[in-house]
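In: Show me how the following folds:
(chains A and B)
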Amino acid sequence: MNAVEIVKAVKDARIPATEITGKAIERIRQVDSEVRALLTPLFERALEKAAEIDRKIEHNQDPGPLAGVPVVVKDNLCMRGLKTTCGSRMLENWCPPYDASVIRFLEEAGAVVLGKTNMDEFAMGSSTENSAFFPTANPWDRERVPGGSSGGSAAAVACGYAPLALGSDTGGSIRQPAAFCGVYGLKPTYGLVSRFGLVAFASSLDQVGPFSRSVEDLALALNVLSRPDPADATSSRRKRPDYTACLGKDDLKGLKVGVVTEFENYPVQPEIREALAKIEAILRGAGAEFVPVSLPATIEAGLPCYYILAPAEASSNLARYDGVRYGISAKAENLMDLYMKTRGLGFGPEVKRRILTGTYVLSSGYYDAYYLVAQKARIRISREFREAFLHADLLLMPTTPTLPFRKGEHQDDPIQMYLSDVFTLPVNLAGLPGLSLNAGYSSSGLPVGVQFVGPKWGEETLLAAAEAVERVLGKPACALGGD
Amino acid sequence: MRKPNTPVIGLEIHVQMKTGSKLFCACSTDYIGAVPNTNVCPVCLGLPGTLPVVNRKAVEYAVRTGLALGSRIGLSTRFHRKNYFYPDLPKAYQISQYDVPLAVGGHLPIGEEQDRKWIRITRLHLEEDAGKLVHSARDGRLGNSEYSLVDYNRGGVPLMEIVSEPELATPSEARDFVSRLRQLVRFLGVSDGDMEKGSLRVDANISLTGPDGELGTKVEVKNMNSLRALERALEYEIARQQECLGRGERILQETRHWDDGKGVTCGTRGKEEAHDYRYFPDPDLPPLVLSRDFVEEQRRLLPELPWDLKERFVREHRLSIEDASVLTELPGIAKYYEKCIREGANPLRAANWIRTEVMRVLNEKRISIEAFALSPEKFCGLLARIETGAVSTTLAKELFEKMVDENLSVDEALKKAGSPSGKVTGDDLRKMVNLVLERERLTVEEIQTGKDAKGKKRSFLCGLVMRESKGQADPGEVRKILAEILDR
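Out: Now for the predicted structure:
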């Protein structure tokens, strides 16, 4: 059952929330030893929360728009009194004394959190192999990675742990694993969803968003998640629409879909090209028109720009892990020794690499040559997208250049790993919404994803277009024999 | 062009604002005497996932201060992160303003009217305060400590950093500048400006000009916790630099700490590392955009500035510059004085009494004028009696002592005092009354022919008797005797 069906069944008192939760736990117990999507299961707590929902139903109280819907959440979202590790040794046993705003929104809406999902350490990575604890498998081929950094959440939804999951996306961390695991993943417009309680990687790029296996679930989740939040100064105060209202349209007549001309010559695996063509045909069939758009600076400068700005912000955001107040604290001779040892022990190699890069590009003498140039490139990229959206309502793009790669394949080559996000990270630089959807499966049975990118606050257009595709291709399948 | 060997002093002043809550969270700013680490929350502790939200009041206070200094207010400014590791800085960066401060330019007047000097302000910006470390070593230094404790109560308290141009030429000018700025923030009600408590902290940059008047190497002096310390530290530093140059040595560009006990500044012996703060715009905070209406609203809320008020006191009440200076040093005193004037007090007498008696009591009791129990109305009642001669100065001082504690009126104080120490009473007093009545036969006649409906003439006579007795009579008894004689 998807989330919309669960809510209906629970509200109609046809199936108790505890039963839904119980079944989800059963499913997790069945497959998680192979997939390893969860870092911290919260089964007992989940059953208690589900029982609360059932009590509300019994007393005719409104159980909320996500009543009884099981969800899993990425382990960089704070939950009060519960371990929030960010996939790092540094925070191995850290329990925040507060909930992330999005967790509060979910639970107030009646959702039942089943557990915290695995991730690349501090959301830095594209394979979930950078988790300090263990890697997560791609449910469609366990020798391959689920993508990252929200690989645990994507894999969990793909094998039916829960119809909904939360991830965070700084350069593609929701969309890339969604593509690799064959599910929907939405990165909202920067400022649409609160970042309060999301442990920061790169504050100007981070955004929380949902995974699902149906478009209506994605819309339902967005309705709950997109509340303005006074605790986040970057949270937009604009009025939010009802994201489910844009669904159920007969066609996409009048919709202009942009295709980026510069991507024609970019090395992309043939299965992904075929998928793009398939989606184009479906959209055309629904009445959409196609127009060419040009994003030259985005293609040329996006990746280097991102790998200057994101590490710069990360180097500052992660400086607080110094062993003085929380997290691990190394035995040390003096203050400098404490800093060096704690950070030496607590951080993995990719995190260290980015802290070093970020520190370097902000250092006096290099700031102008790197950080400042990257900021200017970012402004150019945003402008380019804005101009593209004068001609198109949404862009159809690959989510990734390749299908899911093998575990260990890129571990010794960070640049190859970074290239996995070449189509997703410009969207973060421009603060735009991006939705990755499944477009079918390769001959070897691996999911193939494509991406819709919209103008700022264009989530409704993305959802409507995804729904048109879903009407033709059906909802994404569940992996490992789930339903 | 400056003359050779002239001190050139610029100041950087950090002012804690009494906004009630911190710059980026709702925690209390009232940390003096609070149990360590109780005025803290996830935001000011910089816990993972937390985000700052700017305190509107801090912006208002800083804008008001900028306007009072005649600065240009930036309508779109931003916050930067100043990155460095230290245990008192929970995020390992301080949120501050860097390339675009909240206010630029302006000036502060020092000296008196005849030799007034306007010292230009470079900039004013907002930033957060750090926590406090307590080192276990006897000398209170980190290096020699077995352990150190940290208290984050102060972390996140809003600060304004105000930077002056290097236009101060002497330690006493520097002192005057700080004292005028302190007076200003107190008048604006944005800070208590207390140097001892650290709510106003001064760093000084000082250099001596070279033989051709060119600027010399500057030294930063820190840790001056009073105006006196500031003046002494700068005097010491000028002498030290002159001696250095006299010996043909070069001045080292460094930060030196003022040791108030020893009366010297100590260098950090070049140990200090060159900091690279890696400033960059804080991505958690959107630009701080202010509307013109907001700025104009803050301008409307400005009180009369202390130097304007002082000039007005001199002009309107004929006070000496010295009297006016003392009365305008603190906004509470100035307000008290103005209330007295509104009550009809003689401006000079009121000024004199506040300067001597009221301020003496405040000092003795170590309280502020806001905690002074005697209302201006009742205080003026006393001044009026002195004015009419109904109460002698000596008696007035005695009565004042009784009035201040419980906010008594003159009459209540008199009653409480009982017969005024039995000085002139009974037959002696009756003789004195008769003496006065003989001198004032005309008035007596008027009273007895019913021309004193309001009793003013009777009071006048009473006052004369009191004056005759040099305040040693009980006014009640005087009135009784007067009544006996006049109504006979």
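
In: Got phi/psi on the residue in the stretch 1-150 of chain B that chain A sits nearest to?
Out: Using C-beta to the nearest C-beta, the closest approach of the stretch 1-150 of chain B to chain A is made by B:A92 at 3.4 Å. For glycine as for every other residue, the C-beta is placed from the backbone atoms N, C-alpha and C. Dihedral angles of B:A92 (phi, psi; degrees, to the nearest 10) stand at phi 60, psi 20.

In: which residues does the residue lying farthest from the centre of chain B contact?
Out: Most distant from the centre of chain B: B:R488, at 58.6 Å, with distances by C-alpha atoms, centre = their mean. Counting by C-beta atoms under 8 Å, 6 or more residues apart in numbering or on different chains, B:R488 touches no other residue.

In: Distance-wise, check it relative to B:L482.
Out: 11 Å (C-beta to C-beta, to the nearest Å).

In: ok, residue 67 - how many residues close by?
Out: Went with chain A since none was named. 25 (other C-beta atoms under 10 Å in any protein chain shown).

In: Can you look at chain B instead?
Out: Neighbour tally, B:L67, other C-beta under 10 Å: 21.

In: Assign the nearest residue to it once chain neighbours are set aside to helix, strand or coil.
Out: Spatially, and ignoring its direct neighbours in sequence, B:L67 is nearest to B:R299 (5.2 Å; C-beta to C-beta, 6 or more residues apart in numbering or on different chains). Using DSSP: H, G, I helix; E, B strand; the rest coil, the structure places B:R299 in helix.

In: Next, the distance between the ends of stretch A:56-69.
Out: 14 Å (C-alpha to C-alpha, to the nearest Å).

In: mean confidence score for it?
Out: Average pLDDT, stretch A:56-69: 97.

In: show me the contacts for A:D251.
Out: Residues in contact with A:D251 (C-beta under 8 Å, 6+ apart) are A:A286, A:G287, A:A468.

In: Try it again at 10 Å.
Out: A:G285, A:A286, A:G287, A:A288, A:A464, A:A468, A:R471 (C-beta atoms under 10 Å, 6 or more residues apart in numbering or on different chains).

In: A:A281 now?
Out: A:V472.

In: in the helix or strand harbouring it, what counts as buried?
Out: Taking DSSP states H and E as the definition, A:A281 sits inside helix A:270-285. For helix A:270-285, burial by neighbour count (16 or more other C-beta atoms under 10 Å in any protein chain shown) applies to A:E271, A:I272, A:A275, A:L276, A:K278, A:I279, A:E280, A:I282, A:L283.

In: Closest one to B:P211 out of those residues, please.
Out: Nearest to B:P211 out of these is A:I272 (C-beta to C-beta; 74.7 Å).

In: Kindly provide the distance from the closest one to chain B.
Out: Distance of A:I272 to chain B, given as C-beta to the nearest C-beta, to the nearest Å: 32 Å.

In: Once you drop chain neighbours, what's closest to that residue?
Out: Counting by C-beta to C-beta, 6+ apart, A:I272 lies nearest to A:P398, which is 5.1 Å off, once chain neighbours are set aside.

In: What's the local residue count around that neighbour?
Out: By the criterion of other C-beta under 10 Å, A:P398 has 25 neighbours.

In: Next one, pLDDT for it please.
Out: Reported pLDDT for A:P398: 97.

In: sorry, back to before: where's the residue farthest from the centre of chain B relative to B:G450, distance?
Out: Taking C-beta to C-beta, one finds B:R488 at 15 Å from B:G450.

In: try B:I386
Out: Distance of B:I386 to B:G450, given as C-beta to C-beta: 30 Å.

In: same check, this time on A:S382
Out: For A:S382, the distance to B:G450 - C-beta to C-beta - is 94 Å.

In: ok, the two, which is more surrounded?
Out: A:S382 (18 against 7).
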